[in-house]
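>>> what follows is a predicted structure for the sequence shown.
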Amino acid sequence: MEFLRSVALGVLIVLLQVLSPGFAGSPPCSPGFDSELYIFKVHREQLQRGRRLGRVVFNSCSARSRTVFDSADKRFQVDADGTVILKRRVSLREGHYMFSVHAWDSKDKKHTVFVRVKHEAKTGNHHQQEDTETVGPAQSESRPALRVLEFPKSSGGLRRWKREWVIPIIRIGENEKGLFPKEIAKLQSSRAKQIKMLYNITGEGADQDPKGLFTINRNNGSVYVTRPLDRETKAKYVLQAHAIAADGKDEEEPMEIIVEVTDVNDNTPVFTQNPFLGTVPEASEIGFEFMTVTATDADEPNTDYADIRYSILSQNPQEPGPAMFIINPVTGAIRVNAAGLDREKYPEYTLKIAAGDSQGEDRVGTGTAVITVTDSNDNAPQFEKTSYNVSVPENKVGAVVVKMPVTDGDEPQSPAWTAKFRIINGNSGGFFAVNTGPNKQEGIITTIKQLDFEHNSKFTLLVVAENDVPFAKPLTTSTATVTVNVLDVNEAPVFDPEEKTISKPEDVAVGSELTVYTATDPDTARTQKVTYRVGRDPAGWVSVDGETGQVKVKSSMDRESLFVKDGNYTALILAMDDDPTPATGTGTLVIQLKDVNDNAPSIEERTISVCSKESAPVLLSVIDNDGPGFAAPYRVELQGDSKNNWTAMMNDTKTGIVLRLKVPLEHGQYNVVMRVYDNLDLCQDNTVHATVCDCTGASVQCSDKAVAGFGLPGILGILGAIMALLVLLLLLLLFARRKRSLKKEPLLADDDIRDNVYCYDEEGGGEDDQEFDLSVLHMGLDNRPDVFRNDVAPTFMPAPQYRPRPTNPEEIDTFIDDNLKAADNDPTAPPYDSLLVFDFEGGGSDAGSLSSLNSSSSGDQDYDCLGEWGPRFKKLADMYGGGEDELL
């Protein structure tokens with residue numbers, strides 16, 4: 001029995017081994033190269049194109065017999081069987097060269113191995129992996145064996161294999177030649193052995209744009225490309241492969257196919273612009289880099305096909321040398337290669353430049369670089385004059401001291417021609433600045449600080465002229481000496497301090513001295529007297545002694561005045577010197593007024609309304625214009641009859657009065673007199689007009705009893721008065737109309753023709769707003785020097801001092817008032833208060849003297865002739881003619 005069990009177990013084990021081939025675990029396959037480094041030995045340094053160097057071996061752990069390889073150095077090609085072949089000539093200058101080779105396994109995982117090509121002297125020994133003497137034809141056009149793509153499948157048996165099938169990428173070179181369509185792969189289903197399978201592809205290039213690029217043989221699964229591919233148009237295509245039974249009952253899972261287009265060198269480098277424009281200074285040193293040219297290549301980046309090198313093909317003109325410039329082959333930077341650039345002789349160069357890919361050994365594109373030679377600063381600006389002697393008044397900022405023109409031999413309006421200036425000596429205090437004028441060839445010195453004649457009356461400045469750009473070579477700079485003489489001007493007296501603050505009680509007595517506020521005259525070189533006056537005193541509280549500057553109280557001051565801000569009163573004091581052109585200084589006097597108890601408290605509310613029954617108390621506010629310490633707490637007392645009807649008491653804070661009706665009163669008007677005291681018992685009586693209304697409680701409602709109190713008689717009286725006024729107005733209108741209807745007799749007869757009186761001239765001073773030439777009044781005396789005259793300005797009386805116009809607009813009112821008073825009291829201004837001669841009538845007049853006219857009572861005058869002179873003299877004839885009887 002035991003034996004049978006052993007036999008059965010052995011049979012079972014054998015069956016399991018037969019049915020499960022992977023059961024007896026063998027070592028797992030690891031894809032990769034069979035060596036980490038391949039060394040190919042050669043006997044020559046110069047390796048020619050098409051030479052086979054050796055073979056690399058890659059194990060893909062799959063049924064594929066061929067593998068896709070890729071070389072990092074495009075000068076080497078690796079065929080599908082691993083053979084390494086030279087595509088271009090290679091020189092082993094250092095005796096060896098190393099590059100890398102890549103391969104992909106069935107899961108599309110990349111593997112890399114390094115290949116080293118080593119030069120050795122020829123010996124009789126050969127390694128198995130190298131063929132140092134054999135040189136065969138180039139294999140660059142050979143194609144790997146056709147790739148068969150199998151759909152993923154699962155094995156039967158006791159366990160299921162993992163679904164980890166990864167289809168490798170299909171790589172196709174761009175722009176391939178030959179007959180199309182070309183077969184690139186073949187699909188195969190494991191079920192095709194049992195049933196007929198039909199194949200199909202979908203995706204980019206199949207049923208999607210660009211449609212028809214890839215096709216498939218539905219029966220055998222062959223995949224074709226119908227035309228050459230362009231990597232620059234599209235570098236990768238993703239397709240879906242499908243396999244389905246002919247009867248439609250069974251199908252494979254879709255399989256993804258990736259087709260990559262490998263690059264070939266089919267694009268020529270193109271310059272990013274043409275021509276390139278650059279400038280170079282004529283004094284540039286050898287090696288000076290001044291411009292860069294760039295080109296692009298549409299081939300795959302980071303490959304030889306896009307590895308660009310630059311070169312210069314030609315130069316025009318070729319003077320003074322054929323290689324005036326050189327280009328960096330890698331960066332495209334152009335540098336100066338030789339000395340001798342001269343803008344005046346050769347202002348422009350044209351270079352023909354080239355850009356070649358594959359490090360300059362394959363496709364070449366050309367372009368142009370135009371280089372303009374610019375002027376260099378090889379001429380220093382020169383002053384037209386080397387010394388200046390000028391004068392400038394003191395205390396003036398921004399005054400132009402001097403203008404200094406220069407000349408420059410460089411190209412006009414260029415940076416090498418534009419001048420700039422520096423003060424290199426004599427400006428230790430920073431009083432002056434020098435700037436370039438608008439024409440760029442002139443230095444202008446101005447004052448930037450106030451000059452002080454009393455401190456320094458003379459400056460000597462040394463100015464140097466330069467250019468905006470440095471000199472191209474060492475040059476001698478031009479300098480100019482400027483002697484500045486400071487002119488003395490009359491300066492205003494200066495108060496010390498400019499703002500003086502004093503503290504005084506507000507009730508200081510009138511005439512009391514507040515302070516002495518004086519100013520000093522900064523003009524130490526002059527002997528001048530300083531006088532004082534009040535410049536601005538809005539409340540009229542202060543006066544100042546003109547000689548000593550002593551400030552006194554002119555009128556009572558009040559801290560609670562509107563002119564006082566935050567307890568401070570500000571006045572302006574003026575100090576004037578006695579220069580022919582007087583200058584005025586201003587000092588600010590700030591008086592801090594200390595509060596005194598000079599304001600009794602008062603009640604703010606003057607009218608109230610209360611109900612006559614069960615009235616609510618009224619809170620009255622107490623105010624006091626005095627500051628803290630002279631106000632609250634307050635107290636209140638009722639005065640007179642108000643004590644009988646009202647009660648008044650202070651609130652809890654002692655700042656308000658609670659007024660309450662003591663007994664019910666008839667509705668009407670009442671005066672409540674209360675005396676309010678501050679904390680120092682200063683008091684005053686306050687009257688509050690109280691209206692007692694016919695209501696109850698706190699809701700005060702007063703009816704208009706005053707109108708109702710008139711009654712009917714009062715209303716009738718008012719209406720009667722209005723009617724009387726209307727009647728009186730009507731009578732006045734009738735009287736005025738009747739008066740206008742009366743015909744007035746004209747004062748003059750219709751035939752009385754009179755002349756109008758015209759004013760042809762005026763004698764005398766005329767109106768104040770007219771200007772008259774008073775010299776006309778003296779023309780007669782001027783022609784008669786023998787006639788005595790005494791209308792001259794008195795010389796024994798001093799002329800008044802007029803105040804100059806202030807700079808502060810707030811002082812204009814005071815300025816006008818002061819000068820108006822001075823003009824009114826000026827004894828030296830016309831008209832002069834002196835003896836004048838009026839008894840001379842002039843000479844050369846045909847008229848006689850008025851003194852010859854006289855009256856006489858003797859003899860009769862005959863006025864009858866007036867009646868014969870026409871209607872104009874009729875009135876005179878009536879008045880004087882007709883004899884004595886008519887006069888009586």
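Good, I have the coordinates. Here the structure is a predicted model, which means the values were calculated and not measured. Numbering: from 1, shown residues only.
>>> state the distance from D468 to K458.
32 Å (Cβ to Cβ, to the nearest Å). For the C-beta atoms, the positions are set from N, CA and C on the backbone; glycine is no exception.
>>> out of these two, which sits in the more crowded spot?
Neighbour count, other Cβ atoms under 10 Å: between D468 and K458, D468 has more, with 14 against 10.
>>> now for the more buried one: which residues touch it?
The neighbourhood of D468, defined by Cβ atoms under 8 Å, 6 or more residues apart in numbering, consists of P415, A416, T418, A419, K420.
>>> how about the second one, nearest residue that isn't a chain neighbour?
Once flanking residues are discounted, A416 sits nearest to N377: 3.6 Å by Cβ to Cβ, 6 or more residues apart in numbering.
>>> isn't the one you found right up against T477?
No - taking contacts as Cβ atoms under 8 Å, N377 lies outside contact range of T477: 11.8 Å.
>>> could I get the buried residue list for the helix or strand encompassing T691?
Taking DSSP states H and E as the definition, one finds T691 inside strand 683-696. When neighbours are counted by 16 or more other Cβ atoms under 10 Å, the buried residues of strand 683-696 are found to be C683, N686, V688, A690, V692, C693, C695.
>>> would you point out the most distant pair within these?
The distance between the two most remote of the buried residues of strand 683-696 (Cβ to Cβ) is 33.5 Å, for C683 and C695.
>>> quick one on the thing from earlier: quickly check the contacts of D468 for the two that are furthest apart.
Taking Cβ to Cβ as the measure, these span a maximum distance of 11.8 Å, between A416 and K420.
>>> now the common contact residues for the two.
If you check A416 and K420 against Cβ under 8 Å, 6+ apart, the residues they both contact are N467, D468.
>>> who's more crowded, the two?
Neighbours around A416 and K420, counted as other Cβ under 10 Å, are more numerous at A416. The numbers are 26 against 16.
>>> pretty sure that one contacts D375?
Yes - using Cβ under 8 Å, A416 and D375 qualify as a contacting pair, with a distance of 5.5 Å.
>>> what's the overlap in contacts for those two?
Contacts common to A416 and D375, judged by Cβ under 8 Å, 6+ apart, are D410.
>>> show me where the chain has helices.
Taking DSSP state H, the helices of the chain run over residues 2-19, 357-360, 642-645, 705-741, 779-782, 812-824, 874-880, 883-887.
>>> compare the mean pLDDT across these and name the weakest.
Mean pLDDT per stretch puts helix 883-887 lowest among the helices of the chain, at a mean of 44.
>>> that older thread, N377 and T477: who's more crowded?
Just comparing N377 and T477: by other Cβ under 10 Å the higher neighbour count belongs to N377, 25 against 15.
>>> contacts only, for the more buried one.
Residues in contact with N377, defined by Cβ under 8 Å, 6+ apart, are A283, D410, P415, A416, N467, V469, P470, F471, A472.
>>> now R536. Nearest residue, chain neighbours left out?
Distance criterion Cβ to Cβ, 6+ apart; nearest residue to R536, sequence neighbours excluded, is L572 at 3.9 Å.
>>> ok, that neighbour to G549 distance?
Separation of L572 from G549 (Cβ to Cβ) stands at 13 Å.
>>> name the nearest residue to E174, sequence neighbours excluded.
With Cβ to Cβ, 6+ apart as the criterion, E174 has its nearest non-adjacent residue at 4.4 Å, and that residue is R231.
>>> for the stretch 501-650 of the chain, give me the ranges with low pLDDT.
Where the stretch 501-650 of the chain drops to pLDDT under 70, the residues are 598.
>>> tell me the most packed of the contacts of N377, by neighbour count.
Ranked by the number of neighbours (other Cβ under 10 Å), the contacts of N377 place A416 first, at 26 neighbours.
>>> surely E253 touches S189?
No - with contact defined as Cβ under 8 Å, E253 does not count as touching S189 (10.6 Å).
>>> so for those two, which sits in the more crowded spot?
Neighbours around E253 and S189, counted as other Cβ under 10 Å, are more numerous at S189. The numbers are 23 against 12.
>>> contact partners for the more buried one?
Counting by Cβ under 8 Å, 6+ apart, S189 has contacts E150, F151, M197, Y199, G221, A243, E252.
>>> and if you look at T366?
The contact partners of T366, taken as Cβ under 8 Å, 6+ apart, are L313, K352, I353, A354, A355.
>>> mind redoing it with 10 Å?
For T366, the contacting residues are T268, P269, F271, N274, A295, S311, L313, K352, I353, A354, A355, G356, taking Cβ atoms under 10 Å, 6 or more residues apart in numbering as the criterion.
>>> among the contacts of N377, which ones are in strands?
Among the contacts of N377, DSSP state E puts N467 in strands.
>>> which of the contacts of N377 sits closest to I608?
Nearest to I608 among the contacts of N377, with distances taken as Cβ to Cβ, is P415, at 87.8 Å.
>>> if I look at that closest one, how far off is V434?
Plainly put, P415 is 19 Å away from V434 if you go by Cβ to Cβ.
>>> tally of neighbours for T548?
Using other Cβ under 10 Å as the criterion, the residues surrounding T548 number 12.
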